[in-house]
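1. need a structure here:
(chains A, B, C and D)
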There are 2 protein chains.
Amino acid sequence: MNIGDVARKSGLPAKTIRYYEDIELVTPKREANGYRVFSDADLHKLTFLARARALGFTIEDCRTLLALYEDETRASAEVKNVARRHLSEIEAKIADLQAMHATLTRLYEECAGDHRPDCPILEGLSGDGDNATPDTGHDTHKGEG
Amino acid sequence: MNIGDVARKSGLPAKTIRYYEDIELVTPKREANGYRVFSDADLHKLTFLARARALGFTIEDCRTLLALYEDETRASAEVKNVARRHLSEIEAKIADLQAMHATLTRLYEECAGDHRPDCPILEGLSGDGDNATPDTGHDTHKGEG
DNA sequence: TCTTGACCTTACAGTTACTGGAAGGCCCAT
DNA sequence: ATGGGCCTTCCAGTAACTGTAAGGTCAAGA
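-> Numbering: from 1, shown residues only, chains lettered A, B, ... in the order given. Below is the predicted model of the structure:
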C-alpha cells in the first residue's frame, strides 16, 4: 500500500502519517522509486494511533501504548495506569472549562447586548466586579526566569 | 513600575509581559537604561489580559476585547458576540472531552489492571471492540495537500 | 572601590502535533 | 509529449508562551 491508501483506510491525513514516520511511530519500507510501502501491520498501527489520538492521548502516550500493545508480556496494570492518568487530565480540563464557562455565562447573561457601551463583561474583565476570575486550584504557569 | 512589579501585581510572568509587548498588546515606555516603565494604565491592561486569558479567550479575542474596552462608543452587543462565540467553543471542547472521557472510562473499567497482558483498553484501541472511538461530529482535520 | 546579588535587557531555540506550500519526481493514459 | 494524480523532500507557520544564554544596571555592603 502507498501512503494514500493507508491515509484513506486509517482516516489520517497523509501528511500526518509522514510526520509519524518522522518521529518514528511507524517505519514503512520504501520502494525502489522512494515511495513508502505500508504493510497490513503498519496500517493496523496507524489505525491504533488514530484511535488513541481521538481519545486525546498525547503522542508520547501513544508511543507507550503502542509499545505495550506490542509487548506480549505486558501487565494490563501498566496500560490502566496510562489510562488513569489521562482520565485525570481530561477531568482537570473539563473542570477548568466548566469554571470558565460558569464565570463567562454569568457575565454574559448580565450583558444587555445592545447599542449602548455599558458592559458587565468588560467590567468583569477589568476587575470592577469581584469574583471576576475563577481559581481552578492548579497552576497556569510556574516559576520564572 | 518595572516589569517585576507589574508581573507581581498582574500575576503574569515577566516573560509573558515581554511577549505581550512583542505582539503589541501593551506598549510600555522605556527608561534611559532600556528598562521598561509601566504606567497604572499599563498595569490595568495587563490585569485585564490576565483575566481574559484565564477565561480562555485567545490572544486575538483579547486584542478585540481590549479595543472594545477602550472604545467609549462601543456597543455592548459586540462584546456579547465575542463572548457568545467563545462560550460555544468552550461548550464544544467540553463535549469533546466528555465523549473521550466516557469512552475511555468504559474501557478503563473493563480492564483488570493486573499482571496479566489481556487488556480491553488496548483491544479497544486496536479496533477489536466496536464503538472504539466516539464521533463528536466535528472535523479533527480538513482537506489534504 | 570592588563585589555580590537581584534585577533588567536581547535573541534564539524549543514546546505540541501537526498543516501549508513550494519545487520537483514518478507513472499511467491519451 | 502532455496532463493529471500520485508521490517525494524541505522549509515555514501555527498558539502562546517557556527556557536558556550572554550580558547590562543598580543598590548595598566590606
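2. could you chop chain A up by domain?
-> Residue ranges for the domains of chain A, per automatic domain parsing: A:3-70, A:86-126.
3. the first one near chain B anywhere?
-> Okay, so that is domain A:3-70. Yes - Domain A:3-70 lies within reach of chain B by CB under 8 Å from any CB of the partner chain, at A:7, A:13-16, A:44, A:47-48, A:50-52, A:54-56, A:65, A:68-69. Heads up, the C-betas are built off the backbone N, CA and C, glycines and all.
4. so which of the residues you listed are also by DNA strand C?
-> When contact is defined as CB under 7 Å from any atom of the strand, the residues of domain A:3-70 next to chain B meet DNA strand C at A:13, A:15, A:16.
5. so how far is residue B:96 from the first one?
-> This means residue A:13. 19 Å (CB to CB, to the nearest Å).
6. show me which of these two is the more surrounded one.
-> A direct count of neighbours by other CB atoms under 10 Å in any protein chain shown for residue A:13 and residue B:96 places residue B:96 higher, at 21 against 17.
7. so which of the residues of domain A:3-70 next to chain B are in helices?
-> Members of these lying in helices (criterion: DSSP state H): A:7, A:14-16, A:44, A:47-48, A:50-52, A:54, A:65, A:68-69.
8. would you mind checking the residues you listed for buried ones?
-> Buried by 16 or more other CB atoms under 10 Å in any protein chain shown: A:7, A:14, A:16, A:44, A:47-48, A:50-52, A:54, A:65, A:68-69, out of these.
9. residue contacts, residue A:77?
-> The contact partners of residue A:77, by CB atoms under 8 Å, 6 or more residues apart in numbering or on different chains, come to B:113, B:114, B:115.
10. per-residue confidence for it?
-> On the pLDDT scale, residue A:77 is placed at 97.
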